Each structure stands twice: as structure tokens, then as C-alpha cells.
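Enquirer: sequence isn't available, so here's the structure alone:
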């Protein structure tokens, strides 16, 4: 084996190793992309849950505001009506 053959083999081995390394990195990037996509999906689901909870809290606040600003008799009637619903 002469020196030119050795150089060609070294270059060839380096090229093959580079290709294999890049393919492995690509699959890592795909896995990362999949993880990012899953995290975004979970975040959007969490946002929906939070929006529903905020809506429920707004409804409760409206009831409390109405109770706080209405005359006592009407308030007592509404409280009794809410007790009867449960």
C-alpha cells in the first residue's frame, strides 16, 4: 500500500463517518422537533383549560357582585334559590 492509497482510504473513511454522524444528528433533530410539537400541543390544551377556568371565575364574580350590590331581601332570596338547586 503506497501513501496515495492510504490518503484515499482516510478521506473515504472520514466522509462515511461524516455522513453517518449527520444522519444521527438529523434523527436527533426530528426527535427534538417531535418533542417541541408535543410540548406545544400540551401547552395549547392547558391554555384551553385555563380559559374555561377563567370563564367560570368570571361567572362567579358576577354572582358575587350582584349579591354585594343588591338589596338584602333580594340577596336572601337568591341565596335560598342557590341552596335549593344543590
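Expert: In hand now; what should we look at? Note that the structure is a prediction, hence the values are computed from the model and not measured.

Enquirer: C-alpha only now, for contacts and for neighbours.
Expert: Noted.

Enquirer: where do the helices sit along the chain?
Expert: Ranges of helices in the chain, per DSSP state H, are 3-69, 72-85.

Enquirer: what score does the most centrally placed residue in the chain have for pLDDT?
Expert: For the chain, the residue nearest the mean C-alpha position is residue 43 (1.9 Å; Cα atoms, centre = their mean). Turning to residue 43, the model gives it a pLDDT of 81.

Enquirer: so where's this structure uncertain?
Expert: Counting by pLDDT under 70, the ranges of the chain that qualify are 1, 24-34, 86.

Enquirer: try it again at 80.
Expert: Within the chain, the ranges that satisfy pLDDT under 80 run 1, 3, 20-41, 67-75, 85-86.

Enquirer: next up, phi/psi of residue 71, please.
Expert: phi -60, psi 160 (degrees, to the nearest 10).

Enquirer: what about it, distance to residue 36?
Expert: According to Cα to Cα, to the nearest Å, residue 71 and residue 36 sit 54 Å apart.
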